[in-house]
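# Predicted structure and sequence below. I'll ask about it afterward.
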2 protein chains.
Amino acid sequence: MQKVTINVVAKHAGVSKKTVSRVLNDEPNVSQSTKQKVTDAFNELGYRPSPQARGLATNQSFLIGLVYDNPNKSYVSDIQTGALEICDKNGYHLLIHPTDHESEQSLTGIDSLITESRLDGLVLTPPFSDMKSLLEMLDSRKIAYVRIGATVMESDSLCVISNDVQAAYQMTRYLISLGHVQIGFIKGHIDHNVSEQRFQGYCSALEEAGIEINSDYIQQGDFRFTSGEDCGRRLLGLASPPTAIFASNDYMAAGVLKVASQRRIMIPHELSVVGFDNAPICEYLWPSLTTIKQPVRAMASQAVNILIENIREKGSSHEKRQLDGELIVRESSAPLRV
Amino acid sequence: MQKVTINVVAKHAGVSKKTVSRVLNDEPNVSQSTKQKVTDAFNELGYRPSPQARGLATNQSFLIGLVYDNPNKSYVSDIQTGALEICDKNGYHLLIHPTDHESEQSLTGIDSLITESRLDGLVLTPPFSDMKSLLEMLDSRKIAYVRIGATVMESDSLCVISNDVQAAYQMTRYLISLGHVQIGFIKGHIDHNVSEQRFQGYCSALEEAGIEINSDYIQQGDFRFTSGEDCGRRLLGLASPPTAIFASNDYMAAGVLKVASQRRIMIPHELSVVGFDNAPICEYLWPSLTTIKQPVRAMASQAVNILIENIREKGSSHEKRQLDGELIVRESSAPLRV
DNA sequence: TTGCTAATTGACACCGGTGTCAGTATGTGC
DNA sequence: GCACATACTGACACCGGTGTCAATTAGCAA
């Protein structure tokens, strides 16, 4: 069984290889009858065009790079799944590129990834979505890219973001609807723009409900488990502690759960604790964690979708899309006990 | 700034493109002076050879596929990290291919991945490592592959495995050393060969210590959180419950923790609970979980290492490697209270 | 039927590298 | 000095597709 090349197909169908190429690419000006002959030959021979040769001729690689630096393995996995789904559908492949965003080499690493692999496009996740030097490099090299979860807007780039303000607002309203008034909040890492957005959602829900914002109830965390413990300890140590705590992510919420458990505080009866992100731990904690599920996977697939569209149309579109999060109620939240 | 091809380099260095190619591939029979000229040209022009063209000429793709179907995102992430590390070092790229091992299409999916992307090699993770139909297909198509965590041995294939028997033995010995004699065990999914291996390790440690194996203490789980709950409930409901429970993975151990917590059983003072795998939840649970850390990442990098070696040497080696796990002691285990 | 436009097809160069092989330069033993 | 092996080097075809452009065929009005 020798290799089935375009020449073999052409001979088999009795046409020139250029005509085979035309059928392959759905080009116009091919008669129905020849098209049929060629298609039959495809099937009979089990022909698969070589992406290498194709790429060499068209200066494409059918490769899309995914850049990330996220310790949250679940997030990365969801992003990959969403991206792959669309890549597969369109005959593209995904090259994953985890890299340390604080390292000097991350930029040159991405640079050489592009030149070496001849990437057709790049998917950026936070914090790369907002990394100015990177965006400038990509712009100057005219590489197509799409930014996921970017907070700094630029008019001429593709972008898919989640509505964190709205999600945090929704969560806070939910807690209020349970009767809570004393609601603590643990902020995320100060460098991450989403931290501010989530805090904003919290604030606007309180304001809307006419609840005064108590600065004692607001603690600065950094998205890590241990910071959740610290902030939880401070909140629960207050003279008049909150009856509900909203942590900006699930790991910090888990930290609060631990502290509460150590102090024999019954959750959710004495205290409601909620998180953000729907990390896998939510289900394995006891009690399981009420949280916001981010449309991570959907964001990734939409991102790749508009990226591929953009590649095909040579950068004509500048689409931006925004997706909403979803409230997932589990065991860690309950109505306020009167 | 036009594209820097091999022709440009050749002109710049004043040699033929073939000579440039020789330097590129470290071929013999190039004089020191020419080599220097060409190398200088490389640097001055920032030349990067096109993998597409190279691949077209040599019938290689410099692409390695990674096949998996594992709901454990942390495991997948570690595998990817380990594999990528070595790929990068050797100028290969990794194509990830998650697929449902129970689906009929998984086999054809892998098949078309190979033909379409012209993969140079494949890394298989469980359960694909032991999927006979897949291995036969790869053998007949003469695709190089390496199996991670395979349990069925075949003499002529590359293989990297972990020593689960030894790890489970080590864990059980640790519990015994704490003074425990009544040690419960929750078996893993009956279809996974590692389940039996872990159970074996448990048994042999007990035997060695002269502790009789009590069949009441052995429960059949399926690696899932809920099965951990069920088995935990049964074990703790015994007239003479165990003082330590060894679950075959961390999720089931988390289930036991939940049940214990609901029953107000103090861990680790009244009951030691240990898991296996070192999943991320170990650190976020309270108390944090004593477990076995599998050398997942190292296994992946070694796998890719021997795979690439094999590709280069045209399948001459049939190496097998075995790596040991590591006991990680956290808060969930303590000496038996007398 | 003729003339003209539009649709269809194929010859051939080219993408950017590598393999083959023949040609030239260099070194060695006599 | 010569014969010969050995070290370098480059011309050219080729990998498997696509782009260009010219040639052929078909369709249709006059």
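Done, it's in. Residues are numbered from 1 along each chain as shown, chains lettered A, B, ... in the order given.
# from the stretch 101-250 of chain A, which residue is nearest to DNA strand D?
Using C-beta to the nearest atom of the strand, A:Arg118 is the residue of the stretch 101-250 of chain A that sits closest to DNA strand D, at 13.5 Å. The way it works is simple: take the backbone N, C-alpha and C, and place the C-beta from them, glycine included.
# quick one, helices of the stretch 151-300 of chain A?
In the stretch 151-300 of chain A, helices defined by DSSP state H, counting those that start in this stretch lie at A:164-177, A:193-208, A:225-236, A:250-262, A:281-284, A:296-312, listed in chain order.
# so which of those gets nearest DNA strand C?
Between DNA strand C and the helices of the stretch 151-300 of chain A, the shortest gap by C-beta to the nearest atom of the strand is with helix A:296-312, which sits at 18.3 Å.
# can the closest one be found next to DNA strand D?
No. Under the criterion of C-beta under 7 Å from any atom of the strand, DNA strand D is not reached by helix A:296-312; the shortest gap measures 12.2 Å.
# Buried residues of the helix or strand of chain A with the lowest mean pLDDT, list them for me.
Lowest on mean pLDDT, DSSP states H and E among the helices and strands of chain A sits helix A:105-117, with a mean of 87. Residues of helix A:105-117 classed as buried under the neighbour-count rule (16 or more other C-beta atoms under 10 Å in any protein chain shown) are A:Ser106, A:Leu107, A:Gly109, A:Ile110, A:Asp111, A:Leu113, A:Ile114, A:Thr115, A:Ser117.
# Chain B next: which of these are close?
Here is what survives when those are matched to chain B using C-beta under 8 Å from any C-beta of the partner chain: A:Thr115, A:Ser117.
# just curious, which of the buried residues of helix A:105-117 is nearest to chain B?
Of all these, chain B sits closest to A:Thr115, with 4.7 Å by C-beta to the nearest C-beta.
# Correct me if wrong: that closest one contacts B:Arg48.
Yes. The pair A:Thr115 and B:Arg48 qualifies as a contact (C-beta atoms under 8 Å) at a distance of 4.7 Å.
# quick revisit: can you name every helix or strand that the helix or strand following the least confident helix or strand of chain A contacts?
On the C-terminal side of helix A:105-117, the closest following helix or strand by DSSP states H and E is strand A:121-124. In terms of contact count using 3 or more C-beta pairs under 8 Å, 6 or more residues apart in numbering or on different chains; DSSP states H and E, strand A:121-124 is assigned the packing partners strand A:63-68, strand A:144-148, helix A:296-312.
# For A:His97, which of these is the nearest?
A:His97 lies closest to strand A:63-68 among the helices and strands packed on strand A:121-124, at 5.0 Å (C-beta to C-beta).
# ok and that closest one relative to strand A:144-148, angle-wise?
Orientation of strand A:63-68 against strand A:144-148 (axes from the mean of the first three to the mean of the last three C-alpha atoms, to 10 degrees) gives an angle of 30 degrees.
# Send me strand A:63-68 as CSV with only the CA atoms.
The C-alpha coordinates for strand A:63-68 follow below in CSV (Å, rounded to 0.1, in the frame of the first residue of the first chain):
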residue,chain,number,x,y,z
LEU,A,63,-2.0,25.6,13.5
ILE,A,64,-3.4,27.8,16.2
GLY,A,65,-1.4,28.5,19.3
LEU,A,66,-2.9,28.7,22.8
VAL,A,67,-1.0,30.8,25.2
TYR,A,68,-1.7,30.5,28.9
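# Residues of chain A that sit close to chain B?
Taking C-beta under 8 Å from any C-beta as the measure of proximity, chain A contacts chain B at A:48, A:50-53, A:55-56, A:61, A:73-74, A:76-77, A:80-81, A:84, A:93-96, A:98, A:112, A:115-118, A:225, A:251, A:254, A:257-258, A:261-262, A:280-281, A:283-286.
# overlap between the residues you listed and the residues near DNA strand C?
Among the residues of chain A next to chain B, DNA strand C is touched by A:Ala53, A:Leu56 when using C-beta under 7 Å from any atom of the strand.
# give me every residue that touches A:Ser50.
Taking C-beta atoms under 8 Å, 6 or more residues apart in numbering or on different chains, we find A:Ser50 in contact with A:Thr5, B:Leu56, B:Arg118.
# List buried residues within those.
Buried subset of those (neighbour count, 16+ other C-beta under 10 Å): A:Thr5, B:Leu56, B:Arg118.
# Any chance of CSV for the residues you listed, columns pLDDT?
Compiled in CSV, those are given as follows (pLDDT from 0 to 100):
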residue, pLDDT
A:Thr5, 92
B:Leu56, 92
B:Arg118, 86
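# Give me the residues contacting stretch A:310-328.
Surrounding stretch A:310-328, the residues in contact under the criterion C-beta under 8 Å, 6+ apart are A:120-121, A:144, A:146, A:153, A:155-164, A:166-167, A:170-171, A:174, A:278, A:282, A:290-295, A:298-299, A:302, A:306, A:309.
# How about the residues of chain A by DNA strand C?
Taking C-beta under 7 Å from any atom of the strand as the criterion, the neighbours of DNA strand C within chain A are A:14-19, A:22, A:28-31, A:33-34, A:53, A:56-57, A:59.
# Tell me which ones among those also neighbour DNA strand D, please.
Filtering the residues of chain A next to DNA strand C for proximity to DNA strand D by C-beta under 7 Å from any atom of the strand leaves A:Lys17, A:Lys18, A:Ala53, A:Leu56, A:Ala57.
# Show the pLDDT at the residue nearest to the first one when sequence neighbours are not counted.
Spatial nearest neighbour of A:Lys17, excluding adjacent residues (C-beta to C-beta, 6 or more residues apart in numbering or on different chains): A:Ala10 at 4.3 Å. According to the model's per-residue confidence, A:Ala10 sits at a pLDDT of 92.
# tell me the contacts of A:Ala10?
Applying C-beta under 8 Å, 6+ apart to A:Ala10 gives the contacts A:Ser16, A:Lys17, A:Thr19, A:Val20.
# Now do the contacts for the last one.
This means A:Val20. A:Ile6, A:Val9, A:Ala10, A:Ala13, A:Val38, A:Ala41.
# Once you drop chain neighbours, what's closest to the residue nearest the centre of chain A?
Using C-alpha atoms, centre = their mean, the residue of chain A that lies closest to the mean C-alpha position is A:Val296, 4.2 Å off. Taking C-beta to C-beta, 6+ apart as the measure, A:Val296 lies nearest to A:Asp78, with 4.1 Å between them; neighbours along the chain are not counted.
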